[in-house]
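Colleague: Only the shape, not the letters, is given here:
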């Protein structure tokens, strides 16, 4: 009897060991990735913000808060950061207001299985499955070459491309950003709407509720958690959004008046691909932005929790 | 069952781990793609030498041709035990072989010819082999008495040896930007200036002596001053043509880079070199509100180098850009800034053949003709006009001051960061060094020019046989190289080495702060009426003020 028990214990220990090995084998690679690409990268950025790079010597040295002091200097000397902040907020608000507003309406239309709803769903979601660089290239050619050509054919008037014309280029970029983000939102919201119990909607129908009434009283409150999640993630990414400016203009956005914070950070590290000396300043600016975005994100989260 | 599951999961995890560990960087590049030399596949009886090159405007053909000649020359020589001869494999890739990409990769080729090279970063990471013996050694094996170092501009010598007095790279190609003109169109329409300073009415009329002030040279009839250039633009517009074709997007900075050579020509090589030595006396302009200026001689040191932002030649070049180039809206197509540089080239080439939408000049780099091979091919396909039957030439730079005509040399700034180097990882160091030497002999430098219609950033003569095969554009580039002064924007000062972006030509010469807004492109600022020449000039001094300077350590 004792022998059987001992055999069972040994077998159980063996199984335990195998389970541990299995778990370790399964988790090792994701954990390694997390350590390198999240902890390592962010820790490096954090340290980099307090360093400077000497290209001649090929060495980094600690410079305390010097990079942060340069942010202050830049704020007093040029409007680049202020323009970038303003534009980042404009992009965010437009994405949020127009994007979310129209996306919920379209989602509701699709949810109600109205005429061509599925076709709209397909058309709207199509941009989301194509690579962004392909879409931006298509839009660039359309806005800069096709539209002037069409204008010339139809009205015999020569006009500048939408992304070149200084009066409208930022609005063209804005339109593109709202349009390109639309499909993903529609998919999310229509998915959330499909979770609403059909019996609730049937009850509303029996009570004679209009479409608008159902939308504001049932559908919108039901999908608020999804809208909230989208809102929260957009606040967290406020300063990372380069609004596809790099894809449209590369490092040559015509003036700093059109920068966003995300683009400026991108520009700092990519304007001269063979120069890494501006990485520390970009890291400091990134941390400064985090100091703004972090409390903002928590405040928005609190606010969303109150809705829910 | 559990054991089987465990075994299976371990296998899956191992495969995932293994595939994850093999990054694209460590995967050998497929050698079958874009290989050159006269042997696309490796011959095991010969030593294999691999070369990576940036496949941009210069292409790879010049290197493949050089590789073939090298293979023939050393067909009977052994470079490793048991093997005789050499196979040189050329691998041309664009982004993958740019200096910026290579910096963060393991170098798998023996030699690289590329651009965007941050020389000191490569050095500090130990990526380049010491080739001092190649650069300073005799080329007598190739029948030359000079060394590669002798062919280098002093700016290159001091820059390349600034770290430890050793050479790790050789200059690659010249990158001038400027104005290319359609010679066929100019001849057909007689877009030349006569002795009276006006455009001639028929081709038999005597032409002016051009910027060099000498009759009977290739620049006869071309504008020698800004005023004459304006006359030319008027004549082109009157003929119903568009004076300039130019591109937007990645090439939107071509106009300012072209105008930099107007600035340099106004100043001369010695004055321009002050921007890189920060040691000497410069003329500094004080521009009055009415646009006139006076100059004062100022001693430039490392402490006050930012004062060079007020060089008068820069103000004059900005005036040219604002008042002449952009002086009339029809000098450019309204939508010019939307097209790609390839389309701008196609528009420029095709106009003459299709007899409508004609452009007289193109703003582009000295490499444009090689880069436009596809455009030439499509023009031939559509209109039956071959590249060999078309004639283009480099427009010499007119002078701001008429008194300089025939007195001052044209001055160009070669704007790129391109180098050739031997990888420190090479297993065939001696052979790689020999190839590097070979490609820098006069004969090979001349062959490079014959193949690409442009020049390497070294001093050499193009041989008569290569000259005979050059296009008219390439001949004009060779003449430029022979007669003009060339500034190579490299400095051995630590302050400049440590801030390559701040001292890049685009930023150092053209960044400006106007009404608290930063600009790096005067052409766009003028087009959008954000500034005039004076405000841009002063804005440039504001951008690079004392506080900017004090931040550069």
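Modeller: Perfect, thanks for sending it. What you are looking at is a predicted structure, and each value in this text was computed from that prediction instead of being measured.
Colleague: Against residue B:417, how distant is residue A:277?
Modeller: 15 Å (CB to CB, to the nearest Å). (C-beta placed from N, C-alpha, C; glycine too.)
Colleague: More neighbours: which of the two?
Modeller: residue B:417 (22 against 19; other CB atoms under 10 Å in any protein chain shown).
Colleague: what separates that one from chain A, distance-wise?
Modeller: 7 Å (CB to the nearest CB, to the nearest Å).
Colleague: Not counting sequence-adjacent ones, nearest residue to that residue?
Modeller: Using CB to CB, 6 or more residues apart in numbering or on different chains and skipping the chain neighbours, the partner closest in space to residue B:417 is residue B:117 (5.4 Å).
Colleague: Check the secondary structure at that neighbour for me.
Modeller: Following DSSP: H, G, I helix; E, B strand; the rest coil, we place residue B:117 in the coil state.
Colleague: Can you name the residues that contact it?
Modeller: A:274, B:99, B:169, B:417-419, B:421 (CB atoms under 8 Å, 6 or more residues apart in numbering or on different chains).
Colleague: Can you say which of these are buried?
Modeller: A:274, B:99, B:169, B:417-419, B:421 (16 or more other CB atoms under 10 Å in any protein chain shown).
Colleague: Give me the subset of those residues lying in helices.
Modeller: residue B:99 (DSSP state H).
Colleague: a markdown table for the buried ones among the contacts of residue B:117, including distance to residue A:293 and pLDDT?
Modeller: Listed next are the buried ones among the contacts of residue B:117 as a markdown table, based on distance: CB to CB, whole Å; pLDDT from 0 to 100:
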| residue | distance to residue A:293 | pLDDT |
| --- | --- | --- |
| A:274 | 30 | 74 |
| B:99 | 34 | 91 |
| B:169 | 43 | 97 |
| B:417 | 36 | 86 |
| B:418 | 40 | 93 |
| B:419 | 41 | 96 |
| B:421 | 43 | 98 |
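Colleague: Now tabulate the buried ones among the contacts of residue B:117 in JSON lines and tack on distance to residue A:126.
Modeller: Formatted as JSON lines, these follow (distance: CB to CB, whole Å):
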{"residue": "A:274", "distance to residue A:126": "38"}
{"residue": "B:99", "distance to residue A:126": "38"}
{"residue": "B:169", "distance to residue A:126": "48"}
{"residue": "B:417", "distance to residue A:126": "41"}
{"residue": "B:418", "distance to residue A:126": "42"}
{"residue": "B:419", "distance to residue A:126": "45"}
{"residue": "B:421", "distance to residue A:126": "46"}
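Colleague: now, which of the buried ones among the contacts of residue B:117 lie within strands?
Modeller: B:419, B:421 (DSSP state E).
Colleague: What residues of stretch B:140-158 count as buried?
Modeller: B:144, B:147-149, B:151-153, B:155-158.
Colleague: for those residues, which one is nearest chain A?
Modeller: residue B:158 (13.5 Å; CB to the nearest CB).
Colleague: Am I right that the closest one falls within a helix?
Modeller: Yes: counting by three-state DSSP, residue B:158 is found in a helix.
Colleague: quick one: low-confidence ranges for chain B?
Modeller: Chain B contains residues with pLDDT under 70 at B:1-42.
Colleague: show me the residues around the residue in chain A positioned nearest to chain B that make contact.
Modeller: Distances between chain A and chain B by CB to the nearest CB are smallest at residue A:58, namely 2.6 Å. By CB under 8 Å, 6+ apart, the contact set of residue A:58 is B:120-121, B:123-125.
Colleague: Within its local environment, how many residues does the closest residue to chain A within the stretch 301-450 of chain B see?
Modeller: Nearest residue of the stretch 301-450 of chain B to chain A, counting by CB to the nearest CB: residue B:338, 3.5 Å away. Neighbourhood size, residue B:338 [other CB under 10 Å]: 24.
Colleague: I'm done for today, thanks for sticking with me.
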